[in-house]
Structure formats: structure tokens, C-alpha cells
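Colleague: give me a 3D structure for the following:
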Amino acid sequence: MNEQLSNPQPGYRERARFALDHGDEMVAEQSFLHLLDAEPGDAEALQYLAMRHLVRGEVGKAIERLLAAHRAHLRDAGVLHQLGSARMAGADYAGAVVDLRDALALAPQMFVARLRLGLALEQLGQSHDALVAYYGAIHAAQTQGRWLGDANTAPGMRDAVKHAMRYVDAGRHDLFDGILEPLRERYGRSELRRVEHCLAIYLHEQPANLPDPRQQPKFLYFPGIPSQPYYPRERFPEFEALEAGTAAIREELRAVLEQPRDLEAFLKVESSQDAGTMLRASGTQQAAWDAYFFYRHGQRYDTHCASCPQTTALIERMPLSRIREHGPETLFSVLRPGTHILPHRGVTNTRLVTHLPLIVPPDCALNVGGEIHEWQEGRCVTFDDTFEHEAWNRSGETRVVLIMDCWNPDLSEAERAALAELVAGIGDFNRSCDLPGD
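Modeller: Numbering: from 1, shown residues only. You can find the predicted model right below:
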């Protein structure tokens with residue numbers, strides 16, 4: 001059989017690529033046109049020719065080429081991205097939004113597509129949606145090591161990126177400050193000065209000026225309250241009733257331990273390798289940190305609470321940091337023999353962590369900010385987990401403490417109410433951008 005008849009596009013793709021490598025766009029364009037004669041749905045050829053149409057200001061022809069590419073390759077995010085960009089060049093911002101959102105549904109980490117989506121939404125006057133798109137674009141880009149400065153931002157994108165950053169700075173400030181306005185009306189503006197300062201630090205409008213270098217919150221730093229690894233017991237009058245109930249709590253704990261199917265791994269990781277960044281075994285037994293939750297991320301585990309009514313009643317009397325979809329977190333923390341929880345930091349100093357030790361074998365301890373504390377059964381200890389901290393069980397038995405997240409006692413009622421609304425609002429916004437809440 002004649003080879004040319006069996007291969008009707010002899011090397012056109014290779015010719016086009018060779019021409020592009022040598023800066024000959026005319027030859028590249030002609031080669032791709034020949035390729036399309038035999039392969040009308042070839043995405044590479046259609047996308048290149050669409051780009052050439054746009055260079056010449058032929059927006060309609062570019063869109064026609066890209067629609068043909070999309071019909072042939074329905075799940076090609078790059079084609080949809082280019083189609084959305086072409087529609088923007090023709091001022092069809094509503095059409096661009098549809099195409100760009102379809103592209104991002106297929107490839108969420110395409111940060112340039114997300115940036116263009118923000119530009120289109122802003123043109124349509126959809127300010128909040130534009131804010132979400134811009135913030136998601138910046139976050140995705142910077143997660144991938146881009147847009148950290150001019151050096152890692154393409155020259156042609158710099159003005160758009162800087163515009164997006166200014167838009168995000170102003171938009172997030174207005175959004176989160178607006179959350180506080182009803183609280184100002186309720187409690188008075190002066191009562192929320194420290195919360196406003198806290199928000200300014202979160203938004204990088206003011207420096208944190210942390211008084212203790214050991215303290216490094218991962219999310220939210222609240223200024224103007226003591227910076228200390230452990231908090232004095234006298235700050236928590238609720239401890240008396242909690243500690244008096246130790247025996248009853250321990251009895252309910254023993255029933256839980258007899259039904260280990262109700263326990264779950266505290267760390268939600270996808271592999272043992274990921275767990276190895278948080279846990280280490282000091283012996284031959286595998287490291288394990290299990291939990292029996294009463295609350296997690298603010299969600300109440302009704303079945304667990306019903307199974308441990310006395311424990312639950314005592315927990316509910318504590319000043320738990322209740323924040324929608326965030327807090328509190330309360331649980332029986334079960335540290336298996338030979339397990340070491342490696343050094344790590346918490347998210348905010350607005351809440352503190354309290355332990356009521358229930359079963360404590362020898363050679364178990366907590367280290368917060370370099371200060372070691374040995375648990376004593378029935379005696380609470382409260383610490384600020386924004387200080388680097390770790391815990392270990394070097395014994396051959398299981399260690400169990402009851403953990404509770406409580407408000408920092410140095411916050412006023414107004415500040416707690418405002419923080420609950422603010423943190424929930426930040427979480428809502430981050431989720432709308434496909435980001436974590438804290």
C-alpha cells in the first residue's frame with residue numbers, strides 16, 4: 001500500500017512543532033491547517049490556530065476553533081480555559097464564567113484559570129464571587145510556589161495578579177470586619193478592640209509581635225493576653241467538680257475500653273508514612289493514638305454522649321470553646337504503649353487544652369514549650385497548645401486522659417462571642433474557596 005495514502009498527514013504536526021521551535025509562526029500555522037484537513041478535531045492544532053486568530057483580533061474565529069476542540073475533547077480543561085479566555089477577549093464575561101468554571105471542575109489547581117474567572121466575575125459586578133475566585137487563585141498558585149513575588153510571576157500576569165491581591169486584601173477585610181459589626185452594636189465598640197487587633201494580625205495588616213518566641217499559632221493569634229505554656233489551676237473554678245467526678249468518669253471509660261470498636265484513630269491520615277510525621281514508636285509495638293469523641297470540630301457525638309452520661313454532664317459544665325463547625329473538641333485520648341506524639345503546634349491561643357488524667361502508668365509525660373509535666377490521675381492540667389508540645393507513653397500500658405477545648409479565661413464574654421462568629425465566618429469563606437477552615 002502507498003505509504004502516503006495510508007498516512008494523509010505526513011509529518012504536519014512535527015513540521016508545526018519544528019517551526020514553532022524556530023520562531024516561524026507562519027509555517028507552523030500552515031502545517032496545523034494541513035493537519036486539520038485530516039484530523040478536524042485535533043486539539044493541539046485547533047488551540048494554536050485559535051491563539052493566532054486572537055493575535056489578529058479575530059475573536060469570533062478563535063471561539064469557533066475552540067468550540068470545535070471542545071466538542072472533540074469534552075473533558076480537556078485546557079481547551080475550556082482557552083475558550084473562556086477567548087470569550088473574555090470578546091467581552092462575553094458570562095460565557096467566560098461558564099467555561100472557566102467547567103475547566104476548574106476538571107482541574108481545580110489551574111490557578112491562572114481561577115484568576116481569569118475572578119476577572120470575569122468582577123466585570124459582571126459579582127464582587128463576592130470574584131473575591132472567592134481571586135483568593136482561591138492566589139492560594140493555589142502560592143501553594144505551588146508561584147506568585148510569591150515578581151521573580152516567580154510571569155511578566156504578562158503581574159498586573160493582574162497584583163490587582164487580585166489588592167482586591168483580596170480589601171475584600172477580606174470588609175467581609176470579616178462586617179461580621180463584627182453586629183457584635184459592636186451589642187457590646188460596644190470598645191469591648192472588641194482586641195478582637196479587631198486580632199483580625200488585623202490575621203490579615204497581615206499588623207505584626208503579631210509575639211511576646212514569647214516559643215509560641216507560634218498556626219491560624220489565629222489573639223494579642224494582649226498572657227503568653228504562657230501552662231495556665232494556673234485557679235483560673236478554672238470548674239475543675240473542682242470535674243476532678244471530683246474522676247471515679248465516675250473512669251468507670252464509664254472502662255466500659256468504652258471494653259468495646260474498642262467505638263474507638264477511632266485520632267489522626268486522619270491516608271498512610272502509615274503520613275502518621276509517621278506525627279507519631280513514633282519507642283518499642284516493638286506500633287504507635288497508636290486512638291480517640292473516643294464527645295465533640296469533634298463542634299459536632300456532638302450523641303451516641304457517645306449517651307453512653308457516658310456522667311462524663312458528658314461534667315464536660316458540659318466546662319467553658320467549652322463552642323464555634324460552629326470548629327469547636328469544641330472533647331474526647332477520651334487513648335495513647336497506646338510505647339507511643340510518642342511528636343512535637344507540633346495548635347491553631348490559636350483563644351482556646352486552651354485541658355487534660356483530666358484518668359489512667360496514667362509510669363513514664364508518661366507532657367512537654368509544652370520545653371516544660372515537662374507528669375500527669376497525675378484526677379488532677380487537671382491546662383496548657384496553650386500554640387506552644388510546641390509533645391506527649392509520650394514509654395510504659396507497657398495504655399494511658400488515657402479526657403481532653404477538652406476551653407475558652408482562654410482571659411477573654412471577655414464579648415470577645416468570646418465575637419471570636420465565635422469571626423472564626424466561623426473565616427471558615428465559611430475558606431470553604432467557599434475550597435480551602436481548609438483554619
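Colleague: so what's residue 272 scoring on pLDDT?
Modeller: Residue 272 is assigned a pLDDT of 59 by the prediction.
Colleague: residue 355 should be in a helix, yeah?
Modeller: No. Secondary structure assignment (DSSP: H, G, I helix; E, B strand; the rest coil) places residue 355 in strand, not in a helix.
Colleague: now do the SS call for the residue nearest to it when sequence neighbours are not counted.
Modeller: In space, not counting the residues next to it along the chain, residue 355 is nearest to residue 401; the distance is 4.4 Å by CB to CB, 6 or more residues apart in numbering. All C-beta atoms are positioned from the backbone trio N, CA, C, and that covers glycine. Three-state call for residue 401 (three-state DSSP): strand.
Colleague: quick one, what contacts residue 401?
Modeller: Neighbour list for residue 401: 332, 333, 355, 356, 357, 358, 360, 375 [criterion: CB atoms under 8 Å, 6 or more residues apart in numbering].
Colleague: can you do 6 Å?
Modeller: Applying CB atoms under 6 Å, 6 or more residues apart in numbering, one finds that residue 401 lies in contact with 333, 355, 357.
Colleague: closest one of these to residue 216?
Modeller: Proximity of these to residue 216 was ranked by CB to CB; the top entry is residue 355 with 21.2 Å.
Colleague: low-confidence ranges, the stretch 251-400 of the chain, go.
Modeller: Per-residue confidence of the stretch 251-400 of the chain (counting by pLDDT under 70) places the weak regions at 269-275.
Colleague: now do the helices in it.
Modeller: Listed in chain order, the helices of the stretch 251-400 of the chain (DSSP state H, counting those that start in this stretch) span 272-275, 302-307, 309-316.
Colleague: so which of those is the most packed in?
Modeller: helix 309-316 (a mean of 18; mean count of other CB atoms under 10 Å).
Colleague: packing partners for that helix?
Modeller: For helix 309-316, the elements it packs on are helix 246-257, judged by 3 or more CB pairs under 6 Å, 6 or more residues apart in numbering; DSSP states H and E.
Colleague: what's the angle between the helix it packs on and helix 309-316?
Modeller: 120 degrees (axes from the mean of the first three to the mean of the last three CA atoms, to 10 degrees).
Colleague: possible to save the helices of the stretch 251-400 of the chain as a markdown table with distance to residue 184?
Modeller: Putting the helices of the stretch 251-400 of the chain into a markdown table (distance: least, CB to CB, whole Å) gives the following:
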| stretch | distance to residue 184 |
| --- | --- |
| helix 272-275 | 43 |
| helix 302-307 | 35 |
| helix 309-316 | 30 |
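Colleague: closest to residue 185 out of these?
Modeller: Of the helices of the stretch 251-400 of the chain, the one closest to residue 185 (CB to CB) turns out to be helix 309-316, at 29.8 Å.
Colleague: what separates residue 305 from residue 16, distance-wise?
Modeller: 67 Å (CB to CB, to the nearest Å).
Colleague: my error: substitute residue 321 in the last question.
Modeller: For residue 321, the distance to residue 16 - CB to CB - is 62 Å.
Colleague: now residue 361
Modeller: Counting by CB to CB, the gap from residue 361 to residue 16 is 72 Å.
Colleague: tell me the domain ranges of this structure?
Modeller: 3-168, 230-410 (automatic domain parsing).
Colleague: neighbours of the closest residue in space to residue 392 that isn't next to it in sequence, just the number please.
Modeller: In space, and not counting its chain neighbours, residue 392 is closest to residue 340: 4.3 Å by CB to CB, 6+ apart. Residue 340 has 18 neighbours, counted by other CB atoms under 10 Å.
Colleague: so what's residue 340 up against?
Modeller: Contact analysis of residue 340 by CB under 6 Å, 6+ apart lists 280, 282, 392.
Colleague: please report how far the first one lies from residue 289.
Modeller: Relative to residue 289, residue 280 is positioned 11 Å away (criterion: CB to CB).
Colleague: for residue 201, same thing?
Modeller: Distance, residue 201 to residue 289, using CB to CB: 31 Å.
Colleague: with residue 260 instead?
Modeller: As judged by CB to CB, residue 260 and residue 289 stand 14 Å apart.
Colleague: which one's more surrounded, those two?
Modeller: Neighbour totals were compared for residue 260 and residue 289, and residue 289 leads with 19 against 10 (other CB under 10 Å).
Colleague: for that one, which non-adjacent residue is spatially closest?
Modeller: Once flanking residues are discounted, residue 289 sits nearest to residue 266: 4.6 Å by CB to CB, 6+ apart.
Colleague: can you give me the strands in this protein?
Modeller: Listed in chain order, the strands found in the chain under DSSP state E are 230-231, 264-265, 279-281, 289-296, 299-300, 330-335, 339-344, 351-359, 364-368, 371-373, 381-383, 389-393, 399-407.
Colleague: residues of the third one that come out buried?
Modeller: Put plainly, it is strand 279-281. residue 279 (16 or more other CB atoms under 10 Å).
Colleague: now swap in stretch 25-42 and tell me
Modeller: Across stretch 25-42, burial judged by 16+ other CB under 10 Å covers 28, 29, 31, 32, 34, 35, 36, 39, 42.
Colleague: do the same with stretch 255-267
Modeller: 256, 257, 262, 263, 266.
Colleague: centre of the chain to it, how far?
Modeller: Between the mean C-alpha point of stretch 255-267 and the mean C-alpha point of its chain there is a distance of 28 Å (CA atoms, centre = their mean, to the nearest Å).
Colleague: same question for stretch 138-148.
Modeller: The chain centre lies 14 Å from the centre of stretch 138-148; the measure is CA atoms, centre = their mean.
Colleague: send me that stretch as CSV with only the CA atoms.
Modeller: As requested, C-alpha coordinates have been extracted for stretch 138-148 and formatted as CSV (Å, rounded to 0.1, in the frame of the first residue of the first chain):
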residue,chain,number,x,y,z
ILE,A,138,-3.6,33.2,44.9
HIS,A,139,-3.7,30.3,47.4
ALA,A,140,-3.4,27.6,44.7
ALA,A,141,-0.6,29.5,42.9
GLN,A,142,1.4,30.1,46.1
THR,A,143,0.9,26.5,47.3
GLN,A,144,2.7,25.6,44.0
GLY,A,145,5.5,28.1,44.6
ARG,A,146,4.2,30.8,42.2
TRP,A,147,3.1,34.4,42.6
LEU,A,148,5.3,34.9,45.7
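Colleague: what is the rounded mean pLDDT of it?
Modeller: Throughout stretch 138-148, pLDDT has a mean value of 96.
Colleague: ok, and what's touching it?
Modeller: In contact with stretch 138-148 (CB under 6 Å, 6+ apart) are residues 109, 111, 152, 153, 161, 435.
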